[in-house]
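using only what follows, build the 3D model:
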Amino acid sequence: MPRSLKKGPYVHPKLLIKIARAKAAGTNIIEKTWSRSSTILPDFIGFKIGVHDGRKFKEVLVTEDMVGHKLGEFAGTTNFKKHGGKDAKKDK
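Down below sits the predicted model:
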């Protein structure tokens, strides 16, 4: 369920400060964040953001198509290895 229009999109305040600082400096340094629930704003376009997936930071390059989505959508938290069973034993 989306957030109320009256409140606006949620973005962690510290992330906004980091992006504003990087924009003023004109750098494209990877900004690390643990805030997977933050909404991507148009100000973030062109920046690389390191989104924590629970173990490490996954680099996400923000494009126009990502605006309005959450950061966590682009940094998956699970790694598929392989299904078990007889077929998996044969493949070894």
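
and Lys14, which of the three is it?
Here Lys14 is recorded as helix under DSSP: H, G, I helix; E, B strand; the rest coil.

the nearest residue to Leu41 once chain neighbours are set aside: how many residues sit nearby?
Nearest non-adjacent residue to Leu41, counting by CB to CB, 6 or more residues apart in numbering: Val11, 6.2 Å away. The way it works is simple: take the backbone N, C-alpha and C, and place the C-beta from them, glycine included. Other residues lying near Val11 total 18 when counted by other CB atoms under 10 Å.

before we move on, what's the pLDDT of Val11?
With respect to pLDDT, Val11 scores 93.

ok, it - contacts?
Ser35, Ser38, Thr39, Leu41 (CB atoms under 8 Å, 6 or more residues apart in numbering).

tell me how far it lies from Ala20.
11 Å (CB to CB, to the nearest Å).

for the chain, just list every one of the strands.
Listed in chain order, the strands of the chain (DSSP state E) span 31-33, 48-52, 57-61.

and stretch 14-23, average pLDDT?
92.

what about that stretch, distance to the chain center?
Relative to the mean C-alpha coordinate of its chain, stretch 14-23 is positioned 15 Å out (CA atoms, centre = their mean, to the nearest Å).

name the residues that touch that stretch?
Residues contacting stretch 14-23 (CB under 8 Å, 6+ apart): Asn28, Ile29, Glu31, Thr33, Ser35, Ser38, Asp43, Phe44, Phe47.
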